[in-house]
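> The following comprises the amino acid sequence and a computationally predicted model.
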Amino acid sequence: MAENRENQYSGQLSQGTGSREESEGGDSRTAVSGCLEQDSVWLNQKLATDRNFDVVTRTIEVGGREAALYFIDGFCKDDMLQKLLQYFMDMKPEDMPQDASRLLKKGLPYIEVDQEKEWEKITSSVLSGIFVLLVEGYREAVLIDARSYPSRGVEEPEKDKVLRGSKDGFVETVVFNTALIRRRIRDTDLRMEMMSAGKSSKTDIVLCYMDSRVDQGFLEEIKQKIRNIRVDSLTMNQESLAECLVPGRWWNPFPKFKYTERPDTAAAQVLEGNVILLVDNSPSAMILPTTIFDVVEEADDYYFPPVTGTYLRMTRFLISLLTYLMTPTFLLLMNHPQWIPEGFSFIMLQEPPNIPLVWQFLILELAIDGLRLAAVNTPNMLSTPLSVMAALVLGEFSVNSGWFSSEVMLYMAFVAIANYTQANYELGYALKFMRIITLVLTAIFGIWGYGAGLLVAALCMCCNKTLSHRSYLYPLFPLNLIKLRNRLVRRRLPRARQE
């Protein structure tokens, strides 16, 4: 049916403007013809203006010529549109330019304007909120970017809060996010390149980087991967983009990207030579490339003096390691009580368990995730009473009923709380999966299973690669002592950078 409409439109156009098309080599099916009636019919059919109530079209007269204005209701600035309409209607025929380029130069008092003749780009512009003006005799459409997307305030992100520092955060509008980075980096070396992906969604993707500091080979590789994306839409925004950039190695749970909703963190990463990807409709930035040391860093490490920042960083490293090792180590020692030093005999179970310890740990791992999901879907007014109820039922009554041992509940409570010291969700669940694998192997094979679990976790990190094809453990492997020291110890900024 679409082919029939295009063929019909092609036949009509060839009768009226066939000689002109042939002389200029234009394609009537893909470009504006200059005949307003035919162009309007084609665009009305393409946008289905008779069925889409929010696609607004207005026929006006500009300088004695018929013209049509197309825009999406809800994306427009009403006051600006009113001023533009008044300006167009007041134009006199003698003041009307002969083509679109002269209209942009002399006759249109607005900053963000452009011209386009290809229908694909014109329809995409309309659907993204840009005003499109078609004028009789003009073989190019006039694009007026006076759109305004619905957006929320740039308040501090709920997940990336800091004790000190900026209290603003990214929002779902990509232009606002780029402005927040520009506000922090006033350098002509900063680049903001716009790309798009998704056949239907045509989602805007912005690559932010410092041209003199970025790895140009890695940057070109990222651009090529985005160009080669062949999907209908980026439904889940950044997660969809991440899966397209790294199609393989899905079995490795350790994160290959770092996400942040803080403009100051994104700006710092840009200054370090990394690439930031901003995806429209997503309030967070993707940082590329990412190592394990990048993932565990937080903004609070730099908003405090070097000694305090180093302490916070080392504490986070240690707690993350404990969340992985605590429960498998406890299970191993309970299976081999003769290995427990006399001074630590108090960690022994006070009563024999009714359910094997490994099953207790696995059930509680599942229960903790169930509580997290319940907390997300619980209304705010009910969160406090339900939290108290869950603590009483799952804490006290589960121990008294004999389902769980008090020691198991204590260690799993520590693991559940300690996971929140790590801001990265993906790393938290990666450690959780490694902990479950080590628990199961320890229960089956004892000390050999415990060692095998540690080996599996080490291999998952060692075999993981960043998008720049470097080691995930760099600068630990391959070893670079100076950079490793800088990763572990919070130091003052170099004097050259301060200047």
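Structure received.
> which residue packs closest to Arg58, ignoring adjacent ones?
Distance criterion Cβ to Cβ, 6 or more residues apart in numbering; nearest residue to Arg58, sequence neighbours excluded, is Leu69 at 4.6 Å. Just so you know, the C-beta spots here come from the backbone N, C-alpha and C atoms, and that holds for glycine as well.
> again with Phe71
With sequence-adjacent residues excluded and distances taken as Cβ to Cβ, 6+ apart, Phe71 is closest to Phe131, at 4.7 Å.
> Quick check: beta-bridge partners of that neighbour?
Per DSSP bridges, the residues bridged to Phe131 are Ile144.
> Run a quick neighbour tally on it.
25 (other Cβ atoms under 10 Å).
> Does it touch Leu69 like I think?
Yes - in this structure Phe131 lies within contact range of Leu69 using Cβ atoms under 8 Å: 6.4 Å.
> follow-up on the earlier one: which ones are touching the residue nearest to Phe71?
Leu69, Tyr70, Phe71, Cys76, Leu81, Leu84, Leu143, Ile144, Asp145, Ala146, Arg147 (Cβ atoms under 8 Å, 6 or more residues apart in numbering).
> one more time with 7 Å
Neighbouring residues of Phe131 by Cβ atoms under 7 Å, 6 or more residues apart in numbering: Leu69, Phe71, Cys76, Ile144, Ala146.
> Distance check, the last one against Asp280.
Ala146 sits 18 Å away from Asp280 when distances are taken as Cβ to Cβ, to the nearest Å.
> now do the third one
Taking Cβ to Cβ as the measure, Cys76 and Asp280 are separated by 18 Å.
> Format the contacts of Phe131 as JSON lines; extra columns: secondary structure.
Shown next, in JSON lines, are the contacts of Phe131 (DSSP: H, G, I helix; E, B strand; the rest coil):
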{"residue": "Leu69", "secondary structure": "strand"}
{"residue": "Phe71", "secondary structure": "strand"}
{"residue": "Cys76", "secondary structure": "strand"}
{"residue": "Ile144", "secondary structure": "strand"}
{"residue": "Ala146", "secondary structure": "coil"}
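> Now flag whichever of the residues you listed is closest to Glu351.
The closest of those to Glu351 turns out to be Cys76 (Cβ to Cβ; 70.5 Å).
> okay, now that closest one: neighbour count?
Using other Cβ under 10 Å, Cys76 has 19 other residues around it.
> and it, what does it touch?
Contacts of Cys76 by Cβ under 7 Å, 6+ apart are Phe131, Ala146, Arg147, Ser148.
> Go through those residues and give me the one with the most neighbours.
With neighbours taken as other Cβ under 10 Å, the top of these is Phe131, carrying 25 neighbours.
> returning to that earlier point: quick one: contacts for the residue nearest to Arg58?
Per Cβ under 7 Å, 6+ apart, neighbours of Leu69: Thr57, Arg58, Ile60, Phe131, Leu133.
> Identify the bridge partners of it.
Applying DSSP bridges to Leu69 gives these bridge partners: Arg58, Leu133.
> residues near Leu143, how many?
Neighbour tally, Leu143, other Cβ under 10 Å: 20.
> Next one: it, what pLDDT does it get?
pLDDT for Leu143: 94.
> Surely it is in contact with Ser125?
Yes - under the criterion of Cβ atoms under 7 Å, Leu143 makes contact with Ser125 at 5.3 Å.
> what do the two both touch?
Glu116, Val132.
> what about the stretch 301-450 of the chain, any weak spots by pLDDT?
Low-confidence segments of the stretch 301-450 of the chain (pLDDT under 70): 381-395.
> got the contact list for Leu277?
Per Cβ under 7 Å, 6+ apart, neighbours of Leu277: Ile205, Leu207, Leu241, Ala285, Met286, Leu288.
> Remind me which helix or strand Leu108 belongs to.
Here Leu108 sits in a region with no helix or strand, counting by DSSP states H and E.
> ok, it - how many residues close by?
Neighbour count for Leu108, taken as other Cβ under 10 Å: 18.
> Look up how far Gln86 lies from it.
Distance, Leu108 to Gln86, by Cβ to Cβ: 13 Å.
> Val399 now?
As for Val399, its distance to Gln86 is 75 Å (criterion: Cβ to Cβ).
> Thank you, goodbye.
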